[in-house]
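Asker: Make a model of this:
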Amino acid sequence: MLFVRSLSRSLAIVAGGWALLVGAPLFAQDSGPLIDLLVRKGIINDQEAEDLRTELVKEFVANTSAGKLNLSSTLTEFKLSGDIRLRHQVETQAPQNGTVTNERTRERFRFRFNGDALLQKGWGAGFAFETAPAADSGNQTFQDGNGDYSLYLARAYVSWQPNLNWLVVAGKQRNLLYTTDLLWDSDINPQGVTEVYKHFLAGKDTFEVRASQVLMDDRAESTAGPNGRDAWLFAQQVVYTKWFGRDAIGNQTNSLIVAPGLMLYNQSVLDGLDNETPFNGTTRGLGLVTFAGEANWANVAGSGTQFKVYWDSSYNLEAERRVRRVYGLPTADKDPLAWLVGVGYAFGTGKIQGDYSLRLDYRRVGLGAVDPNLNDSDFAFGNLNQQGFKLSGSYNVTDFANLNLTYFHTTDIRETLIQPTVARNDHSQILQADLVVKF
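Answerer: Residues are numbered from 1 along each chain as shown. Modelled structure (predicted):
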């Protein structure tokens with residue numbers, strides 16, 4: 001067994017060296033999954049994997065033109081990436097009990113630049129910049145006579161992965177929870193600490209526990225009561241992935257994911273928020289039981305095609321308190337439930353020229369069901385008490401550029417409701433046409 005490990009490791013290094021000579025930049029990006037697979041198969045151990053990564057990076061630095069860069073010796077991988085999105089947006093929204101529909105056309109853009117580093121001994125770090133300060137949007141509208149635009153720090157994090165089972169991330173980070181935009185806008189980068197434990201079951205099946213402690217607002221402790229208590233969101237979930245079905249050569253291709261969870265706030269106060277539908281006030285009345293998931297079938301209409309059904313839901317155990325005491329609607333229905341059901345079809349993975357995808361989902365967002373500071377800012381402009389659908393399609397013009405088209409249509413659930421902060425819309429429509437170029 002020792003001889004097999006030694007031989008396999010030597011072959012891996014030889015293959016890595018050859019790849020570095022003929023395609024070093026590509027190998028530097030793609031070696032991580034290969035090394036992880038060798039660890040899982042028991043061919044090399046964690047320490048040998050760490051040594052292999054270090055040797056490959058040193059070889060890359062020493063024998064390619066990139067060696068002119070003065071990279072830290074602690075790096076095993078450093079990736080720079082980003083994207084530019086140009087958007088044409090047409091939107092309409094009508095206020096509750098109003099007679100005028102507000103219409104607007106906007107030309108917008110988003111720029112993002114990311115840096116992610118893998119360090120030795122399982123450590124990592126990263127950052128990201130983007131073009132808008134709001135938590136739930138990176139968009140900037142073209143305006144103000146050709147003036148320049150600011151960049152904002154969207155992520156700054158440190159990670160530690162001592163082995164394949166554990167991952168801890170601290171700082172402003174990507175959202176590691178399994179969710180949809182029913183509960184979490186995809187633009188939001190939570191700030192705090194996230195822990196992930198992954199247990200590998202038979203075959204490709206996995207069982208995960210994910211937990212995030214999100215610092216929502218810092219308060220001055222000199223103030224008595226909830227106003228002087230930092231606002232924290234505690235989110236935790238279990239994610240189980242089951243693989244089933246096999247293709248012609250025996251690979252498991254279909255999957256089922258189920259993810260029940262719980263989201264709780266401590267009693268505090270939020271202020272200074274500037275997202276699409278900000279609610280500046282108490283965090284009381286939010287105890288959300290969540291359940292998300294998806295079922296995927298591969299090769300349903302030929303090789304490379306995929307079909308999926310996905311869902312998400314939230315039930316607020318404290319909805320009555322939230323609606324009647326926090327939102328100030330003593331006679332309103334508490335409406336504690338939000339749910340989403342959708343279907344999707346795709347050809348390819350969205351990374352190769354000619355790949356395309358289509359998605360359609362319907363959702364209902366009750367007044368007391370979710371946190372308006374976290375949900376999707378595009379669906380009903382982030383408003384609660386809304387129901388409707390989202391239709392989206394994407395086509396890869398090249399490997400690095402794609403065209404997206406998204407349409408939202410929503411109407412209110414309860415017509416006579418008036419809550420000017422979080423439920424101000426009677427109905428809305430948004431059409432977004434995007435060109436996205438990735439680098």
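Asker: Surely residue 320 is within a helix?
Answerer: Yes - secondary structure assignment places residue 320 in a helix (DSSP: H, G, I helix; E, B strand; the rest coil).
Asker: Who are the contact partners of it?
Answerer: 334, 336, 368 (CB atoms under 8 Å, 6 or more residues apart in numbering). Yep, even glycine has a C-beta here, placed from its N, CA and C like the rest.
Asker: same check, this time on residue 284
Answerer: 226, 265, 267, 318, 321, 322, 325, 326.
Asker: same deal with residue 187?
Answerer: Contacts of residue 187 were listed using CB under 8 Å, 6+ apart, and they are 135, 136, 137, 138, 377.
Asker: give me that answer again for 7 Å
Answerer: When contacts are counted by CB atoms under 7 Å, 6 or more residues apart in numbering, residue 187 is found next to 136, 137, 138.
Asker: want to throw those residues into JSON lines with pLDDT, distance to residue 353 and secondary structure?
Answerer: Below are the contacts of residue 187 laid out as JSON lines (pLDDT from 0 to 100; distance: CB to CB, whole Å; DSSP: H, G, I helix; E, B strand; the rest coil):
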{"residue": "136", "pLDDT": "95", "distance to residue 353": "31", "secondary structure": "coil"}
{"residue": "137", "pLDDT": "94", "distance to residue 353": "29", "secondary structure": "coil"}
{"residue": "138", "pLDDT": "94", "distance to residue 353": "25", "secondary structure": "coil"}
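Asker: What about the residues you listed, which one has the most neighbours?
Answerer: Highest neighbour count within these: residue 136, with 25 neighbours (other CB atoms under 10 Å).
Asker: what's the spacing between that one and residue 313?
Answerer: 20 Å (CB to CB, to the nearest Å).
Asker: do the same with residue 119
Answerer: The value you get for residue 119 to residue 313, if CB to CB is used, is 39 Å.
Asker: So which of those two has more stuff around it?
Answerer: Using other CB under 10 Å as the criterion, residue 119 and residue 313 rank with residue 313 on top: 22 against 18.
Asker: Flag every buried residue along stretch 108-125.
Answerer: By neighbour count on 16 or more other CB atoms under 10 Å, the buried set for stretch 108-125 is 108-114, 116-119, 122, 124.
Asker: Revised request: answer the last question for stretch 276-289.
Answerer: 276, 277, 278, 279, 282, 283, 284, 285, 286, 287, 288.
Asker: do stretch 432-439 as well
Answerer: For stretch 432-439, the buried set under the neighbour-count rule, 16+ other CB under 10 Å, comprises 432, 434, 436.
Asker: nearest to residue 415, of these?
Answerer: Of all those, residue 432 has the smallest distance to residue 415: 27.0 Å, by CB to CB.
Asker: so the closest one is in which element?
Answerer: strand 425-438 (DSSP states H and E).
Asker: nearest spatial neighbour of residue 252, skipping sequence neighbours?
Answerer: In space, and not counting its chain neighbours, residue 252 is closest to residue 243: 4.1 Å by CB to CB, 6 or more residues apart in numbering.
Asker: what's near enough to touch that neighbour?
Answerer: With contact taken as CB under 7 Å, 6+ apart, residue 243 is in contact with 203, 204, 205, 252, 254, 255.
Asker: pretty sure the third one contacts residue 242?
Answerer: Think residue 205. Yes - using CB atoms under 7 Å, residue 205 is in contact with residue 242, at 5.5 Å.
Asker: Can I take it that residue 56 is in a helix?
Answerer: Yes - under three-state DSSP, residue 56 sits within a helix.
Asker: That one contacts residue 32, doesn't it?
Answerer: No - using CB under 7 Å, residue 56 is not in contact with residue 32; the gap is 10.1 Å.
Asker: Looking at these two, which is more packed in?
Answerer: More crowded of residue 56 and residue 32, by other CB under 10 Å: residue 56, with 23 against 15.
Asker: distance of the more buried one from residue 106?
Answerer: 46 Å.
Asker: The stretch 51-200 of the chain: strands as residue ranges?
Answerer: If DSSP state E, counting those that start in this stretch is used as the criterion, the strands of the stretch 51-200 of the chain fall at 75-95, 102-119, 123-130, 140-141, 152-160, 166-172, 191-200.
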